[in-house]
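In: need the 3D shape of this:
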Amino acid sequence: MELAKVRNIGISAHIDSGKTTLTERILFYTGRIHKIGEVKGKTDVGATMDSMELEKERGITIQSAATFVQWKDFFVNIIDTPGHVDFTVEVERALAVLDGAVLVLCAVGGVQSQSITVDRQMRRYNVPRIAFINKMDRAGANAFKVTKALRDKLRHNAVLMTYPIGAEDNFQGIVDLLERKAMYFDGDNGEIVRIEDVPAELAEPVEEWRLKIVEALGDFDDDIAMMYLEGEGESVTAEQMYPVIRRATLSLEMTPVFCGSAFKNKGVQHLLDGVGHFLPDPTEVRNQAYDMDLNNEQVDLEVRDDAALCSLAFKLEDGKYGQLTYIRIYQGKIARGDTLYNARTGKKVKVGRLVRMHSNEMVEIDGAGAGDIVALFGIDCASGDTFTDGQRNYSMRSMFVPAPVISYAVQPKNKTGLANFSKALNRFSKEDPTFKVTRDEESGETIIAGMGELHLDVYIERMRREYGVDTIVGEPQVAYREAITREVDFMYTHKKQTGGSGQYAKVGGVMRPIPEDAEEKTYRFVDNIVGGKIPREYISSCDNGFKQALDRGVLIGFPVVGVEMEINDGAAHAVDSSDMAFQIAARSAFKETMPKAGPVILEPLMKVVVETPEEFQGTVQGTLIRRRGNIVGSESSAGTSVIEAHIPLAEMFGYSTELRSCTQGKAEFSMEFERYGQVPKNIQDELMKKYKDGKRVA
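Out: Sure thing, here's the model as predicted:
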């Protein structure tokens, strides 16, 4: 397989923009499937990429799914990712291993809240992308407005590559602006592409928009710039433009924009051409690993089969044949029967079965090389592990994993389900880094934490279906945090005399809030000890003691954030001082000082975006304000209002039911974590009283 013809791409977007429908059409046109399925059960065939029963029922994507296709002479690995913010880690881990992406936008909704989140993730991993404006057949569709929103809201240098022929009910096809050709999609499923000359009535706007491409390319190519300035922009050929657009896209300085309607089978083949023309092959992307033999120095990986193997396990699934490990090979190759080394655990594993995935189906292969995405069977590892062939001690970068914002106390209804209950929790926490399982030592409860109600509800439902375990679920609990508001000096002496040597440690210093603009927001340790008042070997003991104290605050027992601990004084005893003594002294000093430092409770504030028909705008705003919401923006277009508000997570439980009932089921909302904010005084008092009475703070 020629690497220049390989594309590893992801399809990402706001929920309900048509990602899975688009992937379904791509599979059909590339001959991967022979009958088109629909996401929401409009046919007897469900969407191929939504293979989980829950996905078929809810009409949403929960897990990212991988497949591979061949389009013309290009070999494309595709990952279809969820749009719902609760499953954001699925997008995160897909983008971490992909070379390029297709950002899908709704022709009516345009740049929506989750589009902004996905774009931020793409920037984090420097992923070049092309945009596809979907749903051009819907009422209110406007490709030009969405392209402008890409420029204004996401700051993309967005350039239209296709001109729509009509819109809404009258959407007939597209014009390829580079080639000046009209494309119509005939046949029952749009599989016959009919190419004709540009309709006479569109000749003028097509030339106008083609000239805009030439103008944009002038920034990247002197010859094109000169032709444009001399008024010869119309004579710039498609052959001149393709390499320049590709170069600008790969450097993230341009986003080519395509449009069409996946549901109505229009424009998908042209988008596939765009993937081949403008997105990078594995050799054009810079991937780095940390060399653990060279003090974690970063090294560039070479996309060659004959190099030392370096590959990343980016996703785990527990299937009917055992654990399936999705792996991206960055350099080197893997063959059946090879021995791999897990860089994190140091353990050896043997490759038994090697497969290419097509949703939940698999194709057995003998080997795979650099730039490939494949799956291994029966290998024990965690998400994010690096595998090598033992020649190099490399480790790939870890993914960004957001902290959970909500938790439930769960237990199996019947004691007989205990074994399966723990088996399910082990598997889910291994598969999904944002799904955390802990045990509350005081109450003995099992606590599951995640990114939102839907996230945890899906796992509880999967436990019932896949493991036959019915659970009793406690009240949802918000991930509160505690912080301090003022600077306080402290001095604490820990002294304990028992038979033989005793314990002695004295620590003094300042507890203060970390400034808002500081990079490290959780905890900072400052060592200002001079004159050996505390021996050097005990400085780290003080740091460890403070860190332990962060786990449980003094107000409601939640973790403490935003604290700087400076030590500048203290004393030690030649015989009685020890690492443990200084850890205890630091821990006790923290607990004693925090109540004097103006402690406050922080709560997660969520960015909530509601899309509703204009007639319900006032009603919806009322529901948000009643839930302690602060409305930060509102805009209306084509009869739809989009309202953005910041609301405490604690007030958002049950909101979907209220929103449905007050808008006759016509509104929808999305929610994602924004930041932590201080709770009002009356609510802080309420939470403290609950905690004091021994009740679970929810």
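
In: which residues in the stretch 301-450 of the chain form helices?
Out: Per DSSP state H, counting those that start in this stretch, the stretch 301-450 of the chain carries helices over the ranges 418-431.

In: quick one, strands of it?
Out: Secondary structure of the stretch 301-450 of the chain (DSSP state E, counting those that start in this stretch): strands located at 310-319, 322-331, 334-335, 339-342, 348-350, 354-358, 361-364, 367-368, 373-377, 386-388, 394-396, 406-412, 436-439, 446-450.

In: neighbouring contacts of the last one?
Out: Spelled out, that is strand 446-450. 86, 404, 406-411, 425, 434-440, 456, 459, 477, 479 (Cβ atoms under 8 Å, 6 or more residues apart in numbering). Where C-beta positions appear, they are placed from N, C-alpha and C, glycine not excepted.

In: point out where the stretch 451-600 of the chain drops to low pLDDT.
Out: Scanning the stretch 451-600 of the chain for pLDDT under 70 picks out the ranges 498-500.

In: can you give me the helices in it?
Out: 453-467, 539-549, 579-593.

In: thinking again about what came up before, so which of the strands of the stretch 301-450 of the chain comes closest to residue 134?
Out: strand 354-358 (22.8 Å; Cβ to Cβ).

In: mind listing what residue 428 touches?
Out: Contacts of residue 428 by Cβ under 8 Å, 6+ apart are 435, 437, 459, 462-463.

In: swap that for residue 239, sorry
Out: Here residue 239 is in contact with no residue (Cβ under 8 Å, 6+ apart).

In: any idea how far residue 464 is from it?
Out: Separation of residue 239 from residue 464 (Cβ to Cβ, to the nearest Å) stands at 58 Å.

In: highest mean neighbour count out of the helices of the stretch 451-600 of the chain?
Out: Most buried of the helices of the stretch 451-600 of the chain by mean neighbour count (mean count of other Cβ atoms under 10 Å) is helix 579-593; its value is a mean of 22.

In: between it and helix 539-549, how big is the angle?
Out: Computed by axes from the mean of the first three to the mean of the last three Cα atoms, to 10 degrees, the angle separating helix 579-593 from helix 539-549 equals 50 degrees.

In: chain neighbours aside, what residue packs nearest to residue 510?
Out: residue 566 (4.5 Å; Cβ to Cβ, 6 or more residues apart in numbering).

In: identify the bridge partners of the one you found.
Out: residue 510, residue 526 (DSSP bridges).

In: my guess is it contacts residue 514. True?
Out: No. Residue 566 is beyond contact range of residue 514, at 11.4 Å (criterion: Cβ atoms under 8 Å).

In: how about the contacts made by residue 565?
Out: By Cβ under 8 Å, 6+ apart, residue 565 lies in contact with 509-511, 523-526, 543, 546, 586, 590.

In: swap in residue 183?
Out: 173-176, 193-195, 267, 269-270.

In: so which strand or helix has it?
Out: strand 181-186 (DSSP states H and E).

In: so what are the sheet partners of that strand and their directions?
Out: Strand 181-186 is paired, per DSSP bridges, with strand 173-176 (antiparallel), strand 192-196 (antiparallel).

In: for that strand, buried residues please.
Out: Buried residues in strand 181-186, counted by 16 or more other Cβ atoms under 10 Å: 182-183, 185.

In: equivalent analysis for stretch 126-139, please.
Out: Here stretch 126-139 shows 127-138 as buried, counting by 16+ other Cβ under 10 Å.

In: ok, residues contacting stretch 578-596?
Out: 484, 488, 490-494, 496, 503-507, 511, 534, 537-538, 541-546, 548-550, 553-554, 560, 565, 572.

In: which of those are buried, as a PyMOL select command?
Out: Only the buried entries of the contacts of stretch 578-596 go into this PyMOL selection, using 16+ other Cβ under 10 Å:
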select buried, resi 484+490+492+494+503+504+505+506+507+511+534+538+541+542+543+544+545+546+549+550+553+554+560+565+572
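
In: ok, back up a step: including distance to residue 368, could the helices of the stretch 451-600 of the chain go into TSV?
Out: Below are the helices of the stretch 451-600 of the chain laid out as TSV (distance: least, Cβ to Cβ, whole Å):
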stretch	distance to residue 368
helix 453-467	29
helix 539-549	43
helix 579-593	49
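
In: what about stretch 344-353, average pLDDT?
Out: Mean per-residue pLDDT for stretch 344-353: 87.

In: now find how far off-centre that stretch is within its chain.
Out: 27 Å (Cα atoms, centre = their mean, to the nearest Å).

In: which SSE is immediately downstream of the helix-or-strand element of the chain with minimal mean pLDDT?
Out: Every helix and strand of the chain was ranked by mean pLDDT, DSSP states H and E. The lowest is helix 53-58, at a mean of 50. As assigned by DSSP H and E, the chain's next helix or strand after helix 53-58 is strand 65-71.

In: show me where pLDDT drops low in the stretch 251-400 of the chain?
Out: 318-321, 358-361, 397-400.

In: go again using 90 as the cut-off
Out: 283, 285-306, 312-327, 336-337, 342-347, 351-366, 370-386, 389-400 (pLDDT under 90).

In: please name the bridge partners of residue 340.
Out: Judged by DSSP bridges, the bridge partners of residue 340 are residue 349.

In: wait, it touches residue 349, no?
Out: Yes. Contact criterion Cβ under 8 Å: residue 340 and residue 349 qualify, at 5.2 Å.

In: any shared contact partners between those two?
Out: In contact with both residue 340 and residue 349: 379, 387, using Cβ under 8 Å, 6+ apart.

In: higher neighbour count, those two?
Out: residue 340 (23 against 18; other Cβ atoms under 10 Å).

In: mind listing what the more buried one touches?
Out: Neighbours of residue 340 in contact, by Cβ under 8 Å, 6+ apart: 309, 311, 334, 348-351, 379, 387-389.

In: now a PyMOL select for only the buried ones of the residues you listed.
Out: Buried members of those, defined by 16+ other Cβ under 10 Å, are picked up in PyMOL with:
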select buried, resi 309+311+334+349+351+379+387+388+389
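
In: tell me where the stretch 151-300 of the chain has strands.
Out: So, for the stretch 151-300 of the chain - with DSSP E, counting those that start in this stretch - the strands run 158-160, 162-165, 173-176, 181-186, 192-196, 255-259, 288-291, 297-300.

In: need these in TSV with distance to residue 114, can you?
Out: Below are the strands of the stretch 151-300 of the chain laid out as TSV (distance: least, Cβ to Cβ, whole Å):
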stretch	distance to residue 114
strand 158-160	18
strand 162-165	24
strand 173-176	26
strand 181-186	28
strand 192-196	31
strand 255-259	17
strand 288-291	29
strand 297-300	32
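
In: which one of those strands lies closest to residue 5?
Out: With Cβ to Cβ as the measure, strand 255-259 is the member of these nearest residue 5 (19.1 Å).

In: I'd like to know which elements the closest one is packed against.
Out: If contacts are counted by 3 or more Cβ pairs under 8 Å, 6 or more residues apart in numbering; DSSP states H and E, strand 255-259 sits against strand 129-134, helix 143-154, strand 158-160, strand 162-165, helix 238-250, helix 268-278.

In: let's see 7 Å
Out: strand 129-134, helix 143-154, strand 158-160, strand 162-165, helix 268-278 (3 or more Cβ pairs under 7 Å, 6 or more residues apart in numbering; DSSP states H and E).

In: nearest to residue 420, out of the ones you listed?
Out: strand 129-134 (41.0 Å).

In: and the closest one, how far from the chain's centre?
Out: 18 Å.

In: that strand packs against which elements?
Out: Using 3+ Cβ pairs under 7 Å, 6+ apart: strand 129-134 touches strand 100-106, helix 143-154, strand 255-259, helix 268-278.
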